[in-house]
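Student: Turn this into a model:
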Amino acid sequence: MPTLDVRKKTLCQALGKDYTDEEFEELCFDFGLELDEITSERQMITREQGEEKAKDASDDIIYKIDVPANRYDLLCVEGLTRALKVYHQSMKMPIYKAIKPNHVTKLVIKPETAQVRPFAVAAILRNVTFTEANYKSLIDLQEKLHQNLGRKRTIVAIGIHDLDTIEGPFTFDAKPPESIKFIPLNEDKEYTAVELMTLYANDPKYNHLKPYLSIIQDKTVYPVIYDKHGVVLSLPPIINGNHTRLKLTSKNLFIEVTATDQAKATIVLNSIVAMFSQYCEQPYVAENVEVETPDKSTKLYPELQYRTMTVEIDLINRRVGISEEGKALAVMLTKMGLESEVINGGKHLKVVIPPTRADILHTCDIIEDAAIAYGYNNISMTFPKTNTVAKQMPLNKLSEQLRVETAQTGFTEALTFALCSQADVASKLKKKMEDIPAVHISNPKTMEFQVARTTLLPGLLKTVAANKNLPLPLKVFEISDVVVKDSSKDVGARNERRLCAVYYGKTPGFEIIHGLLDRLMEVLGVKYTKESSDGYYIKAANDPSFFHGSSADVLVGGKVAGQLGILHPEVLPCFELNMPTSVLEINIELFV
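Tutor: Reported below is the predicted structural model:
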């Protein structure tokens, strides 16, 4: 969930009222937000960098507000204060407009961009008045959109430029990196794109850009935007050109958004334009840019389109649990920025959705806003019309009972990661990966999390390794799910609840593990017998993970339910262990 940092003084000035901390926290709750923390610049720097770095910092109070991830209109102080003023009915929701000038600026998308970032949209803001505060707010919003909707620039990248330093038409192209040459932002020397990648990858000064290099680094062509004279505006999603950098004196802005997703590009452009067009000489008005796609079709951006939805009044009342008239509900939704009116003889509401509310997708989203405006604390508590008796799932109940019994035998419970490396479930256990029915992660972020675990053993062995400095023996267990491939399931895999216990000490402790198995079976009411179909027994096995002649399968009703044995000496060093280790792992779903 994104967090918006706002100075209390700035916020109160914009809202026209001095709030106490308690009053503002209550306002946030009423509007569906959460005031996460009250701090100051000095406190934040002290906490992160120490008192020495914070000695010149401000003591002004800063509110850290948690904003829902889909409310892109609340990611800056402009959007937040505008929404709260509309909520308090101290202002009407502005009408956002995009006008087409006599001479339309053009952005041409070349076919080569399909190899890297195929979509681009753009807009112009005229006669903007910047202050230090709103300039910083614009940059902060740009970065929040990059991280949130833009998924760290992988989907969307934003460039904001001083239009007076360049001249259209503009071209969005993809070229070999060695042919792209320009002076990047905050530099005074010209670099090729190849040189830039090397500079940003190796110089600690550019660590903030390093996470984005991999987005295009391995491509044969890099995306680039330039004007009619060949002046480079940006190398998305990495860096803008220094030639078009924004200054406090900048008046006319060219905003370009490149993306791998057309819809998200449009949402981002609409958000920036709607939030910062309030500083234009003609507030809430943007200028269209004509975007020409590779197939020569053209479209004007920003769209700033308003949508309408019709909602049944009775449905809102039923879902929220209230009984309000249509006019009252219309007022509530209008307070939330959704202009509404009663139609069809009082049966329905016509709701107008502004271009800033991309989060409104279905009727339920409108109902949620109605509930927020009514006030969750104002909804009367009622007994449900249907009564049900809750009951714990049998498998979970059995798991809890076995946890207690295992702990009472002297074992300590552990909770390990559900993901692990391929080596953890294969080569480290002396098995081949192709023989393991593991579910693979398609884009693992680290070598440690490549597959879903097919056994609880690797996690417990790592736990023992991390605690082997403690007095011996170490006895740990875990009752959790593993994931195995299963073609009979609609998703191709299934979860399986297992119990795994590990004994690590100067002696193998096989009798301890065997005793634990017998105790668990006694608790489960399963007798040791080979004759009965509902009994259990153990049978010698030859699993490569275990020491030869020291492992067995646990059979329940004639079916293999698990294994126990002493781990092979070649397995132990793979998990940084050097003492004999015995293991028990069984499938407890068979006993439900």
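Student: Enumerate the positions of stretch 135-151 that are buried.
Tutor: 135, 137-138, 141-142, 144-146, 148-150 (16 or more other Cβ atoms under 10 Å). (Glycine included, C-beta is placed from N, CA and C.)
Student: quick one: which of the residues you listed sit in helices?
Tutor: 135, 137-138, 141-142, 144-146 (DSSP state H).
Student: Between those, which sits nearest residue 311?
Tutor: The closest of those to residue 311 turns out to be residue 145 (Cβ to Cβ; 29.1 Å).
Student: Can you classify the nearest residue to that closest one once chain neighbours are set aside as helix, strand or coil?
Tutor: When the adjacent residues along the chain are set aside, residue 145 lies closest to residue 268, with 5.3 Å between them (Cβ to Cβ, 6 or more residues apart in numbering). Put simply, residue 268 is helix when judged by DSSP: H, G, I helix; E, B strand; the rest coil.
Student: just checking, residue 268 touches residue 148?
Tutor: No - applying Cβ atoms under 8 Å, one finds residue 268 not in contact with residue 148, separated by 9.6 Å.
Student: residues shared between the contacts of the two?
Tutor: Any residue near both residue 268 and residue 148 by Cβ atoms under 8 Å, 6 or more residues apart in numbering counts here, and that gives residue 72.
Student: just checking, residue 521 is part of a helix?
Tutor: Yes - secondary structure assignment places residue 521 in a helix (three-state DSSP).
Student: Next, the contact list for it, please.
Tutor: 527-528, 536 are the contacts of residue 521 under Cβ under 8 Å, 6+ apart.
Student: which one of the residues you listed sits closest to residue 10?
Tutor: residue 536 (70.0 Å).
Student: May I have the beta-bridge partners of that closest one?
Tutor: When bridges are taken as DSSP bridges, the partners of residue 536 come out as residue 528, residue 556.
Student: Work out for me the element residue 465 sits within.
Tutor: Under the criterion of DSSP states H and E, residue 465 resides in helix 457-466.
Student: Now that helix: buried residues?
Tutor: The neighbour-count check on helix 457-466 (16+ other Cβ under 10 Å) flags 457-465 as buried.
Student: so residue 370 touches residue 331, yeah?
Tutor: No - here residue 370 lies out of contact with residue 331, judged by Cβ under 8 Å, at a distance of 10.4 Å.
Student: More neighbours: which of the two?
Tutor: Looking at residue 370 and residue 331 with other Cβ atoms under 10 Å, you find the greater number of neighbours at residue 370, namely 28 against 14.
Student: How about the secondary structure of that one?
Tutor: Reduced to three states by three-state DSSP, residue 370 is helix.
Student: Greatest separation within the buried residues of stretch 135-151: which pair is it?
Tutor: 135 and 149 (21.7 Å).
Student: need the contact list for residue 410.
Tutor: With contacts taken as Cβ under 8 Å, 6+ apart, residue 410 has the following neighbours: residue 475.
Student: next one: the one 3 residues further on
Tutor: Neighbouring residues of residue 413 by Cβ under 8 Å, 6+ apart: 403, 406-407, 476-479.
Student: Bridging across strands, which residues link to it?
Tutor: Following DSSP bridges, residue 413 is listed with bridge partners residue 477.
Student: In a markdown table: the ones in helices among the buried residues of stretch 135-151, plus distance to residue 326.
Tutor: Below are those laid out as a markdown table (distance: Cβ to Cβ, whole Å):
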| residue | distance to residue 326 |
| --- | --- |
| 135 | 44 |
| 137 | 38 |
| 138 | 40 |
| 141 | 36 |
| 142 | 40 |
| 144 | 37 |
| 145 | 36 |
| 146 | 41 |
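Student: mind listing the strands for the stretch 301-450 of the chain?
Tutor: Using DSSP state E, counting those that start in this stretch, the strands of the stretch 301-450 of the chain run over residues 307-312, 339-343, 348-353, 412-413, 419-420.
Student: Figure out which of those is closest to residue 215.
Tutor: The closest approach between residue 215 and any of the strands of the stretch 301-450 of the chain, judged by Cβ to Cβ, belongs to strand 419-420 at 24.1 Å.
Student: three-state assignment of the residue lying farthest from the centre of the chain?
Tutor: Among the C-alpha atoms of the chain, the one most distant from their mean position (Cα atoms, centre = their mean) is that of residue 531, at 54.6 Å. Three states are possible here, and by three-state DSSP the one that applies to residue 531 is coil.
Student: So which bits of the lowest-mean-pLDDT helix or strand in the chain are buried?
Tutor: In the chain, the helix or strand scored least confidently by mean pLDDT, DSSP states H and E is helix 41-49, which has a mean of 75. The neighbour-count check on helix 41-49 (16+ other Cβ under 10 Å) flags 41-46 as buried.
Student: coming back round to it: okay, the buried residues of helix 457-466 in TSV with pLDDT and distance to residue 99 next?
Tutor: Below are these laid out as TSV (pLDDT from 0 to 100; distance: Cβ to Cβ, whole Å):
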residue	pLDDT	distance to residue 99
457	95	67
458	95	62
459	95	61
460	96	66
461	96	67
462	95	62
463	96	64
464	95	69
465	94	66
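Student: ok, back up a step: emit the ChimeraX select command for whichever of the contacts of residue 521 are buried.
Tutor: Selection of the buried residues among the contacts of residue 521 in ChimeraX, burial being defined by 16+ other Cβ under 10 Å:
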select :536
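Student: okay, the residue lying closest to residue 427 once chain neighbours are set aside: pLDDT?
Tutor: Using Cβ to Cβ, 6+ apart and skipping residues adjacent in sequence, the residue nearest residue 427 is residue 433, 7.3 Å away. Turning to residue 433, the model gives it a pLDDT of 91.
Student: With residue 30 instead?
Tutor: 88.
Student: Give me the pLDDT for the nearest residue to it once chain neighbours are set aside.
Tutor: Distances taken as Cβ to Cβ, 6+ apart put residue 375 closest to residue 30, at 6.3 Å, once the chain neighbours are dropped. What the model reports as pLDDT for residue 375 is 90.
Student: Need the residues that contact the helix or strand following the least confident helix or strand of the chain.
Tutor: Remark: after helix 41-49, the chain's next helix or strand is strand 61-66, criterion DSSP H and E. Taking Cβ under 8 Å, 6+ apart as the criterion, the residues outside strand 61-66 that touch it are 1-9, 11, 21, 24, 28, 33-41, 44, 80.
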